Structure formats: C-alpha cells, structure tokens
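A.B. asks: After the sequence you'll find the predicted model.
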There are 2 protein chains.
Amino acid sequence: MPATIRDVARESGVHISTVSRTFSAPHLVNAETRSRVLACAEHLGYRPNRAARALITGRTHNIGLIVADIANPFFPPLIKAAESQARQRDYHIFVTDTNEDASVEEDLVRALAKQVDGVLLCSPRMSNSLIEQLSREVPLVVVNRQLTGLPTVVMDVAQGARLAIDHLNGLGHRRIALVAGPRGSWTSREIRRSAMSAARAGDADLTVIGPNQPTEDGGMAVAEQIVRAGVTAVLAYNDLMAIGLIEGLTAQGQRVPEDVSVVGIDDIALSRLTRPKLTTVATPTAAAGRAAVDMLLAHGDDRRTTAQITLQTELVIRDSTGPGPGPHSHADPGGVVATALGDVASYAKE
Amino acid sequence: MPATIRDVARESGVHISTVSRTFSAPHLVNAETRSRVLACAEHLGYRPNRAARALITGRTHNIGLIVADIANPFFPPLIKAAESQARQRDYHIFVTDTNEDASVEEDLVRALAKQVDGVLLCSPRMSNSLIEQLSREVPLVVVNRQLTGLPTVVMDVAQGARLAIDHLNGLGHRRIALVAGPRGSWTSREIRRSAMSAARAGDADLTVIGPNQPTEDGGMAVAEQIVRAGVTAVLAYNDLMAIGLIEGLTAQGQRVPEDVSVVGIDDIALSRLTRPKLTTVATPTAAAGRAAVDMLLAHGDDRRTTAQITLQTELVIRDSTGPGPGPHSHADPGGVVATALGDVASYAKE
DNA sequence: TAGTTTCGTGCAAACGTTTGCACAGCGCGA
DNA sequence: TCGCGCTGTGCAAACGTTTGCACGAAACTA
C-alpha cells in the first residue's frame, strides 16, 4: 500500500537507482531530475523504507538506550537529551527498562543488538566482563560506569561525595552514615570509596548501610537503622532514597535537619519540591545523554574509539542539612563548586 | 561478521529455508533436524535479522509510543507496563517524547510510521482530524483521548473530577477553582465539563483558570491567581500542578489544607511523598499501557477493530483537603469508590 | 498393488533498498 | 580528429530473510 521507490521511479520516468540517489546522494543527480523526483515522491507520500535500507547499509539509524528504571526521575532528563541529540542526526532512540535486574539487561542488549546501530547502557548492574563480551556483539557506550577499553560517560560522583562529606563535616557532623545503592552499581562503589576517604580526612566516622534498592521505599526502609546507628548526618546514594529516608525519619520522630542532616545525589526536579528542600549533589544528566549519543555515533565512523568522558558535579545546598554537634568550620565553600572540563564544556553547560 | 541464516544452514547441512522454518514455524520441521539446527545456531550465536524479516513479512515487531513528556511521572508506569506487555509478545517499544508540542507529534508519528507496526499515541495535543489522517498511514491506538472510529484507551476522568468536586463540596467548600491543563488536552476538557456540572449540582461556584503548562512550574505560576480568586478549594489538572500549586500557595502565606484545599489527579508516586500528602484521583496508568498494547496487536490481526476502553478512576483522600466554610455533608463517601468494568478487569487490577 | 495422503525438505522468487560498474554524451585540449 | 575526463543515468547484484510451490519418500487406505 505505501509507495515504494519503484512507484516514484515509474511516475518520474527515471530508474529506481536515480530515485535512491536523490535521497541518499543528491549531489550525484542532475538538479532538474532531482526536483522532479522530489515532487513525485512528495506527491505519492513516499518515504524510504528504513528496514530495506538497513539491510543493505548495515545501519538501522536506531539507537538502543537501556536504563535501570525509567520511573526513577534521574533518567528522564538523560533520555530526553539523548533523544533530541539523536533526532538531530536522524537517529531514533529505543528506550528500555531493566527493572534493576542484571539478567534482564543482558537479554535486552542481545535483543536490541540486531535492530540498532549501538546501545547506550546506563547504570548497568551486570559484571564488567559481561559488558565487555556484549560489546563485541554490538557497539556499546556505557554511562555511569568506568570501564577501560570501552567508551564511557561518567559523572564525577567521587568529587560529589567528597563535597557532600566535607560540607557535613564543615557543619560539625562527625558521625555520618552512607546509604549505599544497589548491588552492582559502579556509582555506589565510587561514592563509598570517596566518602570513606573524605570522612577519614575529616576525622569523621562513616557507617555504610546497604546495599539497598535505589527507591523511596529503599530509603524509607533504612530509617530505623539510621536512628539506631546514632548518626547525625546521612549521605544517600540518590535523591529518591534521601527523600524516602526523610519520610522514614520523620515517621520515627526525628526532625530534618535539626536532628539529622540528609544529603542526596542527582538533584532531580523533585528535590526542590519536598519539604525540607533537599541538599544534594547535582549531576549533569542531560549532558551525559548528549555526550553518550555523540560518542556512539562518532564511534561508528572510525572504529574502536574508546574515549572516556567525566562530567563534573556540584553541591547544591538547600534545607535538609544543618549544624551538627561538632565544631563548625566556616571555610565550607557551599553552593556551586565545580565547572565543566574544558573539552566537554558544551555538554556540561546545561 | 554476525552469523546469518546461511552460515547455520551450511553448518547443519540443510537448506536455509529449513533453518528459517526452524525458527518461524518449528512444527513444520522434523524434530531431529530441528534440534540439530538449533544446536548449530546456538553454537554460531545466530539471531535472525529483524530488518530482513520485516522486509518480507511487513511486520517489524516494533511499537512506537509517543508521550507528551517523559519527565512527567504520570508516564513512566504506563511506559513500563506497555514495555513488559509488548516484550511478552516479542515486541519492542520505541518511546519518544514530544515536549508537549503538537507539531512535533505529527512529525514523530510520520517518522515512526515506517519502522513500527503501530503507534500508541498518549495524551495527544493535536487535532482530531489530524489524528484520523495519520491513522490512515499507520495503525494507531490513542490513549487519553476519546475519538470515534479509532481504538482508544481513556481514563474516566469525568468520574474522577465529579468525585473530587463532590468530596470538596461535602467538606463545605462552595468556591472552587479548576486549574486547567494544556491546550489541546482532551482530558482537560473532560475534567472541566464534568467538574462544571458537579459544581452546579452542588450549588458551588467553579472558576476555571488556564490553559496552563501541566508541570510543577505551571502549578506554581497560578498560585497568585488562586489567592486573588478567593476560593477555598482547588482541583488541579494533574498531581504535578497540584504539588507546584501547594508550593506556590505556601510561598504566598497560605496553609494547605487549612486555608485552601487542593486535589490533584493521577496519583503519581510522588503524591504520597509531599507534605501535606496529596488528595488525588488515582488513574490506572499501568493498566492503560497494557490495554493499549493489547489493542494495537489485536487490531493487527483482524482489520479495523475500533474498541474503546474506559478505565475507572478512584478518589484517594489524603492530607491536602480539609473542611471548608460551608456546611459539611457527612455523606461523603471518601476513599475508594470505583471498580473496574467487567470486561477490562484484568487491566484495571493493578 | 495402486492410489492417496502426509511429512519433510529444497528451490527460487520475492521484499525495498543501495551501490559498484558500465556507458553514453559532452566539452575540451592537443 | 583523437583521446580524455566529467556528469548523469541505467543495470544488476547484493543484503538476510520468508514462503508458495514442487517433489520424493514414507505411511496409510482400499
């Protein structure tokens, strides 16, 4: 029913190859012929069949995007940015959701492999070695995980965690808890490592609780442990958990920030809407989405580029953190701290 | 590089057609042959090329899903449900975002048309006639808009709005505002119509404010107008706006629910996390996602089915609504009201 | 035993494109 | 006049599948 290249060829009195060239290599065809062909195509409502084109060129002009949980507000800005970046280059994005399940991830990559030109793997939960293996089946760009030999886009959460701990320390907190993220999360490990060393440097105690589901419920569930641990401040793996945690703490009769200070990570839109407003580490998610698409498409041109991009984070101080029992350091920098790396400035600028 | 059907045929000593049948019509091939072929395929890591298959069968096994704004928490549950329903039937979902822009919608449908077997159009902003025209180019299922002649899935927001207004009325509110949604939204018109008639029936005044952007900012922006209007209760187009509105009202020195009661619509996860917790009309979004996928795929089999599904809504009373100045009616039913229609019970049960 | 059905397989023509190659026509310099 | 290069077009072979048709063998039926 839909018009094919042959219909257009017949109507405009040229060979199908000329029609083909009108679309995929216009400079090769005479201007007059070209406009005639275009007119016929327009008239017939012709649109090239991408499947057929994919068959011969080997490029589908589709990109897969795998996220752990599309309902986590961290991802939508990343997805939107990736989509619009892709659309500009005449690519489409296939979004899929793994429900935080590592084995679903593997299946999805394999399923997607044949119908996309590459996959953006965001916040993977599977093992490094599996990722490397899969990258042999389909071009992969990994987001939120550092991995040598593969193109990656990561947020500098280590820096973010350090800023957060320093901030808490500066406010006089010496007993701090870290609410970890899900098993398999590189980001969670990174935060832990960095928070540990920052706490040590500041003479503070850091209690790690986890792994946990990175959701409101996950945060709420650890409230009791937090109270029992007797800490005065908490750094949570992400904003969602921080918000759930505040909810849980309130239910336990604790006030935030008077009794316990809470810091999140991500700076999702929601973190400005809860009461108290959340102090958090902002991550440039939209920039990450754009960068990942760019890397994937660049990677398509020349083989085996494995650039690694690190995007800077910054601490945004709002109302969920307050003075602790220890001595305050008024040297706390507060507010915006970091700026973009030079060579990725265009990504980092939101 | 990746193994093709020919490689498998060579390795297992049969013709490619036999290999093809092993996958697409297993009952036609001898059990012994079949297992040998499967073994070879496994061994070579063979996976059928969907583009090639699509070329000949005309079915891509992909479904497009167009939403107004993926960052609106209303959509993710719908998307997830649609994805998992589709995956069960060996389909993939293509999610795209229109940024609430009607003209982007049209482009996207057209762009998707050739590489998917059908499109789920959620909360469209474009005109009915354009939708009908597009439905001639690609099978369409419309979600959140009633439209004769096309398969549709809608939430019974009219019922929801009625319940909400009755609830407010029962609490003694007589001057109520309706914060409308974006231009072009069927849901918004529907809410308005129903809220109007419910208000009239309850001897209440209803002031309509809008159209507005259906976001927190959109809600926050109308706070001042609300105060000026001197109403004691507000029904908002969606939870996001309700939450933004509460934020805005608080900034204006109004207390919720003591000075102003606020009701949202959608019951997004977030509405349980804000303070005060939001009274809202719950819409079965996941059920809608599943239903839409089912309708699309059914529609594919026999031509021109145009079923219309309406999913029931219910009022969830939380903390953002309280007594108004007028006489109370203790006949207010409160809590869960509606149940699923018989024939869509499996969708409505979340 | 002959005829008929069933089963399993192979053959080859599609599906709608892209693209290397060939070729015709033309203009130009020698 | 010849040879050359350039431009625009046609030709046909791919790409990796599916599927209608044909055919041989085996298994029934009469």
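C.D. replies: Done, it's in. Residues are numbered from 1 along each chain as shown, chains lettered A, B, ... in the order given.
A.B. asks: Without its sequence neighbours, what residue ends up closest to the closest residue to chain B within the stretch 251-350 of chain A?
C.D. replies: The minimum distance from the stretch 251-350 of chain A to chain B, using CB to the nearest CB, falls at residue A:275 (4.7 Å). Where you see a C-beta, it was placed from the backbone N, CA and C, and this is true even at glycine. Distance criterion CB to CB, 6 or more residues apart in numbering or on different chains; nearest residue to residue A:275, sequence neighbours excluded, is residue B:275 at 4.7 Å.
A.B. asks: What about the one you found, how many residues nearby?
C.D. replies: Residues lying near residue B:275 (other CB atoms under 10 Å in any protein chain shown) number 16.
A.B. asks: Could you pull up phi and psi at it?
C.D. replies: Comment: the main-chain dihedrals of residue B:275 come out as phi -120, psi 120, following degrees, to the nearest 10.
A.B. asks: That one contacts residue A:276, correct?
C.D. replies: No - at 9.4 Å, residue B:275 does not count as touching residue A:276 under the criterion of CB atoms under 8 Å.
A.B. asks: Quick one: name the residues of the stretch 201-350 of chain A near chain B.
C.D. replies: By CB under 8 Å from any CB of the partner chain, the residues of the stretch 201-350 of chain A that approach chain B are A:216, A:243-244, A:247, A:269-270, A:273-275.
A.B. asks: now for these, which pair is the farthest apart?
C.D. replies: Greatest spatial distance among those (CB to CB): A:247 and A:269, at 17.7 Å.
A.B. asks: and those two? which has more neighbours close in?
C.D. replies: residue A:247 (21 against 18).
A.B. asks: could you say which helix or strand contains that one?
C.D. replies: According to DSSP states H and E, residue A:247 maps onto helix A:239-251.
A.B. asks: and that helix, how far from the chain's centre?
C.D. replies: Relative to the mean C-alpha coordinate of its chain, helix A:239-251 is positioned 23 Å out (CA atoms, centre = their mean, to the nearest Å).
A.B. asks: Quick one: name the residues of chain A near DNA strand D.
C.D. replies: Counting by CB under 7 Å from any atom of the strand, the residues of chain A lying close to DNA strand D are A:13-18, A:21, A:28-34, A:52, A:55-56.
A.B. asks: and those, which of them are in helices?
C.D. replies: Within these, residues falling in helices by DSSP state H are A:16-18, A:21, A:31-34, A:52, A:55-56.
A.B. asks: from those residues, which would you call buried?
C.D. replies: Judged by neighbour count, with 16 or more other CB atoms under 10 Å in any protein chain shown as the criterion, the buried members of these are A:18, A:21, A:33-34, A:52.
A.B. asks: where in the stretch 101-250 of chain A is pLDDT low?
C.D. replies: Along the stretch 101-250 of chain A, the model assigns pLDDT under 70 to no residue.
A.B. asks: Helices of that one, residue ranges please.
C.D. replies: Using DSSP state H, counting those that start in this stretch, the helices of the stretch 101-250 of chain A run over A:102-113, A:128-134, A:157-170, A:186-201, A:216-221, A:223-229, A:239-251.
A.B. asks: Indicate which one of these is closest to residue B:111.
C.D. replies: Nearest to residue B:111 among these is helix A:102-113 (19.1 Å), distances taken as CB to CB.
A.B. asks: Return the distance of the helix or strand hosting residue A:286 from the chain's centre.
C.D. replies: With secondary structure defined by DSSP H and E, residue A:286 is part of helix A:285-301. Using CA atoms, centre = their mean, the mean C-alpha position of helix A:285-301 is found 11 Å from that of the whole chain.
A.B. asks: avg pLDDT for it?
C.D. replies: Confidence over helix A:285-301 (mean pLDDT, whole number) is 88.
A.B. asks: ok so, going back, looking at the residues of the stretch 201-350 of chain A next to chain B, which is nearest residue B:141?
C.D. replies: residue A:269 (29.4 Å).
A.B. asks: pLDDT score for the closest one?
C.D. replies: According to the prediction, residue A:269 has pLDDT 88.
A.B. asks: List the contacts of it.
C.D. replies: Contacts were defined as CB atoms under 8 Å, 6 or more residues apart in numbering or on different chains; by that measure residue A:269 touches A:73, B:71, B:216.
A.B. asks: rerun at 7 Å
C.D. replies: Taking CB atoms under 7 Å, 6 or more residues apart in numbering or on different chains as the criterion, residue A:269 is in contact with A:73, B:216.
A.B. asks: Quick check: it vs DNA strand D, distance?
C.D. replies: Using CB to the nearest atom of the strand, to the nearest Å, one gets 44 Å for the distance from residue A:269 to DNA strand D.
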